[in-house]
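Engineer: With the sequence up front, the predicted model follows.
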Amino acid sequence: MWSRTFAGLIIGLLLSVSIVLNLNLLLPIKEDTMLLIGLLLAFPIWAGIQVWGYSFTSAKKAWLKLSLVLIPSVLINAVLLSLR
């Protein structure tokens with residue numbers, strides 16, 4: 001139980017930041033609007049990922065599946081930031 005909680009907290013935080021960064025890099029809008037969108041979306045995404053972490057039967061599956069979502073998102077971040 002605690003390991004799935006930590007998976008949701010740690011990977012969920014990194015993944016929510018990564019997803020919001022991807023949105024901010026892809027959407028052609030002003031900086032102040034991007035910051036507002038990021039503030040409004042980051043917490044619900046993080047909470048959803050935490051709930052998703054509890055849906056797995058074991059902690060190992062939770063860490064693995066959440067990491068498999070985090071890695072492509074971080075790679076997209078790297079590509080988008082390098083093209084900027």
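Structural biologist: Good, I have the coordinates.
Engineer: ok, Ile49 to Thr33 distance?
Structural biologist: From Ile49 across to Thr33, the span is 24 Å (C-beta to C-beta, to the nearest Å). In short, each C-beta sits where N, CA and C put it, glycine included.
Engineer: Between those two, point out the one with more neighbours.
Structural biologist: Ile49 (22 against 11; other C-beta atoms under 10 Å).
Engineer: OK, contacts around the more buried one?
Structural biologist: Under the criterion of C-beta atoms under 8 Å, 6 or more residues apart in numbering, the contact partners of Ile49 comprise Gly8, Ile11, Gly12, Leu15, Ser16, Leu66.
Engineer: which residues sit in contact with the residue nearest the centre of the chain?
Structural biologist: Most central residue of the chain, judged by C-alpha distance to the mean C-alpha position with C-alpha atoms, centre = their mean, is Leu15 at 1.8 Å. Taking C-beta under 8 Å, 6+ apart, we find Leu15 in contact with Ile45, Trp46, Ile49, Leu66, Val69, Leu70, Ser73.
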